[in-house]
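Chemist: my questions are about this predicted structure, shown below with the sequence.
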Amino acid sequence: GQFVESGGGMVQPGGSLRLSCTASGWSFGNYDILWVRQAPGEGPEWVSGISASGNTHYRNSVKGRFTIIRDNARDTLTLEMNDLKADDTALYFCARVSFSSYLGGVYQPTYDYRGQGTQVTVSS
């Protein structure tokens, strides 16, 4: 199975981007899926997740600015990003959730399959 991401680019602060991810080779609709990002020199952090039933999760720093959408008929995942900030600069990739829990009320996912990612750069 694999993911293929697209839609990254360079935008100015306050701008918007729409990332897409297409899955193949497995039953996309049966799994919770994440958008994860990794900035240079830092570890990966989950940004947003959506369950197989459509429940959504967002990292606090992106709440109100990012929206995650899944289309199980097309095996696609979308991340709409608005009011982008320099701190959003990172490589963004899709990942399939292998296990999740809540620690102190905070969503804690782990993942197995992931895509190669698409670069998002926010700079003036």
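Modeler: Yep, it's here. Since the structure is predicted, the reported quantities are computational estimates derived from the model, not experimental observations. Numbering: from 1, shown residues only.

Chemist: burial of residue 22, as a residue count?
Modeler: Counted with other CB atoms under 10 Å, residues neighbouring residue 22 total 17. Placement of C-beta: from N, CA and C, glycine included.

Chemist: my bad, should have said residue 106
Modeler: Neighbours of residue 106 (other CB under 10 Å): 10.

Chemist: how near is it to residue 94?
Modeler: Plainly put, residue 106 is 21 Å away from residue 94 if you go by CB to CB, to the nearest Å.

Chemist: identify the residues contacting residue 88.
Modeler: Going by CB atoms under 8 Å, 6 or more residues apart in numbering, residue 88 touches 37, 62, 81, 120, 122.

Chemist: what do you get if the cut-off is 10 Å, keeping everything else the same?
Modeler: Applying CB atoms under 10 Å, 6 or more residues apart in numbering, we find residue 88 in contact with 11, 13, 17, 37, 39, 47, 61-62, 65-66, 81, 120-122.

Chemist: scan those and report the most crowded one.
Modeler: Going by other CB under 10 Å, residue 81 tops the contacts of residue 88 with 25 neighbours.

Chemist: so what's that residue scoring on pLDDT?
Modeler: On the pLDDT scale, residue 81 is placed at 98.

Chemist: before we move on, what about residue 9?
Modeler: We have a pLDDT of 97 for residue 9.

Chemist: longest strand of the protein, counting residues only.
Modeler: Scanning the chain for the longest strand, with DSSP state E as the assignment, gives strand 90-103.

Chemist: give the burial count for the nearest residue in space to residue 51 that is not next to it in sequence, as a bare number.
Modeler: In this structure, residue 51 finds its nearest non-sequential neighbour in residue 32, 4.6 Å apart by CB to CB, 6 or more residues apart in numbering. A count of nearby residues for residue 32, using other CB under 10 Å, gives 20.

Chemist: might one say that residue 32 is in contact with residue 53?
Modeler: Yes: Residue 32 is within contact range of residue 53, at 8.9 Å (criterion: CB atoms under 10 Å).
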